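Asker: Sequence first, then the predicted structure:
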Amino acid sequence: MCGELRIEQDGQEIVLMGWVNRRRDHGNLIFLDVRDRSGLTQVVLDKEVSGEAHAKAEAARSEYVVAVKGKVRRRGAGLENPNMPTGAIEVVASELLLLNEAKTPPFSPADDAIANEEVRLKYRYLDLRRTEMQHNFALRSRVAMAIRNYLVEQGFLEIETPFMTRSTPEGARDYLVPSRVHAGSFYALPQSPQIFKQILMISGFDKYFQIARCFRDEDLRADRQPEFTQIDLEMSFPQQEKVFRVVEGFLTAAFKTASISLTTPFVQMTYDDAIKNYGIDKPDMRLPPMVSLTDELTAELRETLKIEKELPVLGFVIPKAGGLSGTQKRGLVEEIRATFGDCGLDFLDVARLKTNEAFAPLASAIESKLKSVDPTLRGETAKDGAPNTSAAASAGLADDLVIVVTPKIGTPAKWNFDPQWIYKRVGALRLQLAAKFADKHGRFAKTGTEADFKFLWVTDFPMYEWDEETKVWNAAHHPFTSPHEEDIKSGKLTSDKGAVRALAYDIVLNGTELGSGSIRIHRQDVQAEIFRSLGMSDAEAKERFGFFLDALEYGTPPHGGIALGLDRIVMILAGATSLREVIAFPKTAKAIDLMVDAPTPVSDQQMRELHLKTVTRG
Ligand code: ASP
């Protein structure tokens, strides 16, 4: 291969095939860099060695496909290229074949960065020739293989489930496939193999997995694809801890392919704690959590500072982002106030409190509480990273940005029925400032080690989510998720839906949800009750999921599982910033495949056969 030749091959006769990456014509000497997916080799066409080969090289252009026969030789002194793995050698060609020509490409696959993504997607075959893309797909293949091998070793069976099926319950819109044979009927493409994998448990395949394609017709936010790949698995008789160990195992195997060793088990946190400490159900733990300052703000202090009596006061620190000028600070406070709008939350200036004798003790109590949550803020060495060398660390938080948020008098305790809204708003501010000051705190910078990856399990999600628009309770995960046994027994399913906890869990990495799963309902009566509690009539449940309710009655084992996004895992491992960098033929944000130009209208004939007619709605 073109990227494999080293000084050890000096003197060997070799044959290389590949593409002309670049061509440099020095008259009697022509240099061709020949590329394949392993890399590049410099080939020298010397008129003296072979006039015929040299003449062909004169005709060769970028992206021509060539075959070269020749001899490896050490490059002349001073001509080595230490930046190229093959930079110590070159190949002196005795023969050259031009296997195929190429039109001048719209961009050169030899370039590192191509600004226009639409052009990249239209000429995807050229884009995929680029070294970076070749690496991404080699990595993707290794990751998928490592996961397969691990799961098979653990006794899992890979079983395929249908693409043409009925609507599945992940809560997005379905892609539909019209039936030719059954006029007016449609298959749905699966949003996930959910129902099939549960049925496989009923069928006795107690450990199933599939690297499965899923289809969801969603309004595409930046980082979504209408079809994507999940590592989907299901087990019979598991505690959720068992599912966690399996996932940690295959992720360890996957990360190993990128030379990163993970420490397991991962941190575990309940949903309620995640909201309390991070204001979000997918905490990014690379930065210190929020801290409750509710105790520090006594009733008396609240009264003088005009702070609402009961509501939480929260603070957090962005390390090393302090030391702002007066103007910068005013700008920041304005930005924070604009973020909060008129919701009642406000910025409390701790630095200012310090300068006032009456409030100085409060300021130092706040600072010491904030410092208590992150070892680096106390000037200690973090378990995984560099020590905080700043002299300010031991003195106070002078070097760090301290944000404290207080509710003004009259701030509502609930917002859109959500009693946790203050935690969520402050958590969002924490992320906003973390992104803004990324250069200063440096916690998002890649070190190429395990420290870059903060995994955690979030457990005990709420079972239901209130939809204010439609005024109904929806399943927060999906309707096959089992509630906690106690919450069923205590009658909360009917009396207090908002308080029902689900046996549902997410795996989170650096603030991104990598996957979610749950222990399922395995009893038909409970499943029917859950459908009812979601506002689905028995008739409707029977119509949509009748086959599944039937199946549940024939001896269903307790079971549970999870699905993780393969695309996202590879994206993170490749250090890519978009899923499109790790999906060979992705779609744009408007769900278009620019290369094949899909979707398109189809012929009248096809429409007739499918019993379809397009109607333009006014
Ligand atoms: N089917 C779920 C999803 O795709 C995952 C699971 O519950 O296993 O999100």
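Answerer: Yes, it's here.

Asker: how near is whatever residue of the stretch 1-150 of the chain ends up closest to the ligand to Gly249?
Answerer: With CB to the nearest ligand atom, the shortest gap between the stretch 1-150 of the chain and the ligand falls at Ile147, namely 15.3 Å. Quick note: C-beta positions are derived from backbone N, CA and C, even for glycine. Distance check for Ile147 against Gly249: by CB to CB, to the nearest Å, it reads 10 Å.

Asker: These two: which has the busier surroundings?
Answerer: Applying other CB atoms under 10 Å to Ile147 and Gly249 shows that Ile147 carries more neighbours, namely 24 against 17.

Asker: any idea which helix or strand carries the more buried one?
Answerer: helix 131-153 (DSSP states H and E).

Asker: which residues make contact with the next helix or strand after that helix from outside it?
Answerer: Beyond helix 131-153 on the C-terminal side, the first helix or strand identified by DSSP H and E is strand 157-158. Contact partners of strand 157-158, identified using CB atoms under 8 Å, 6 or more residues apart in numbering, comprise Arg148, Leu151, Val152, Phe205, Lys207, Tyr208, Phe209, Gln210, Ile211.

Asker: What is the burial count for the last one?
Answerer: Other residues within reach of Ile211, judged by other CB under 10 Å, total 17.

Asker: surely it meets Leu233?
Answerer: No - if you go by CB atoms under 8 Å, Ile211 and Leu233 don't touch, sitting 9.9 Å apart.

Asker: quick revisit: the residue lying closest to the residue of the stretch 1-150 of the chain closest to the ligand once chain neighbours are set aside: what's it in contact with?
Answerer: Excluding the flanking residues, the one nearest Ile147 by CB to CB, 6 or more residues apart in numbering is Phe250, at 4.6 Å. Phe250 makes contacts with Ala146, Ile147, Tyr150, Leu151, Ile231, as judged by CB under 8 Å, 6+ apart.

Asker: Please pull up the helix or strand immediately following the lowest-mean-pLDDT helix or strand in the chain.
Answerer: Each helix and strand of the chain was given a mean pLDDT (mean pLDDT, DSSP states H and E); the minimum falls on helix 392-395 at a mean of 47. Using DSSP H and E, the helix or strand that follows helix 392-395 in sequence is strand 401-407.

Asker: Direction included, what does that following strand pair against?
Answerer: Here strand 401-407 has these sheet partners by DSSP bridges: strand 314-318 (antiparallel), strand 345-348 (antiparallel).

Asker: Let me have those in a markdown table, adding mean pLDDT, distance to the ligand and mean neighbour count as columns.
Answerer: Compiled in a markdown table, these are given as follows (pLDDT from 0 to 100; distance: least, CB to the nearest ligand atom, whole Å; neighbours: other CB atoms under 10 Å):
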| stretch | mean pLDDT | distance to the ligand | mean neighbour count |
| --- | --- | --- | --- |
| strand 314-318 | 96 | 30 | 25 |
| strand 345-348 | 95 | 33 | 20 |
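
Asker: of these, which approaches Gly51 most closely?
Answerer: Evaluated over the strands paired with strand 401-407, closeness to Gly51 peaks at strand 314-318, with 67.6 Å, by CB to CB.

Asker: Name the surrounding residues that touch the closest one.
Answerer: Under CB under 8 Å, 6+ apart, the answer for strand 314-318 is 279, 287-293, 350, 366, 369-371, 374, 377, 397, 400-405, 422-423, 426, 430, 433-434, 437, 440-441.

Asker: Please narrow the residues you listed to those residing in strands.
Answerer: Within the contacts of strand 314-318, residues falling in strands by DSSP state E are Val291, Ser292, Leu401, Val402, Ile403, Val404, Val405.

Asker: Just say helix, strand or coil for the closest residue to Ala212 other than its chain neighbours.
Answerer: Nearest residue to Ala212, sequence neighbours excluded (CB to CB, 6+ apart): Asp232, at 4.6 Å. Of the three states, Asp232 takes strand according to DSSP: H, G, I helix; E, B strand; the rest coil.

Asker: what about Asp232, neighbour count?
Answerer: Asp232, neighbours per other CB under 10 Å, totals 25.

Asker: what's across from it in the sheet?
Answerer: Gln210, Ala563.

Asker: you'd agree it is up against Phe196?
Answerer: No - applying CB under 8 Å, one finds Asp232 not in contact with Phe196, separated by 9.4 Å.

Asker: Quick one: the helices in the stretch 1-150 of the chain, in order.
Answerer: Remark: helices assigned in the stretch 1-150 of the chain by DSSP state H, counting those that start in this stretch are 51-59, 117-122, 124-127, 131-153.

Asker: For the last one, which outside residues touch it?
Answerer: When you say that, I think you mean helix 131-153. 37, 39, 112, 127-128, 158, 207, 209, 211, 231, 233, 246, 249-250, 253-254, 256-258, 566, 569-570, 573-574, 576, 581-582, 584.

Asker: hang on, isn't Arg73 packed against Ile89?
Answerer: Yes - using CB under 8 Å, Arg73 is in contact with Ile89, at 6.6 Å.

Asker: residues in contact with the one residue in the stretch 301-450 of the chain that gets nearest to the ligand?
Answerer: Nearest to the ligand, among the residues of the stretch 301-450 of the chain, is Lys424, at 22.0 Å (CB to the nearest ligand atom). Contacts for Lys424 (CB under 8 Å, 6+ apart) come out as Ile275, Gly279, Ile280, Asp418.
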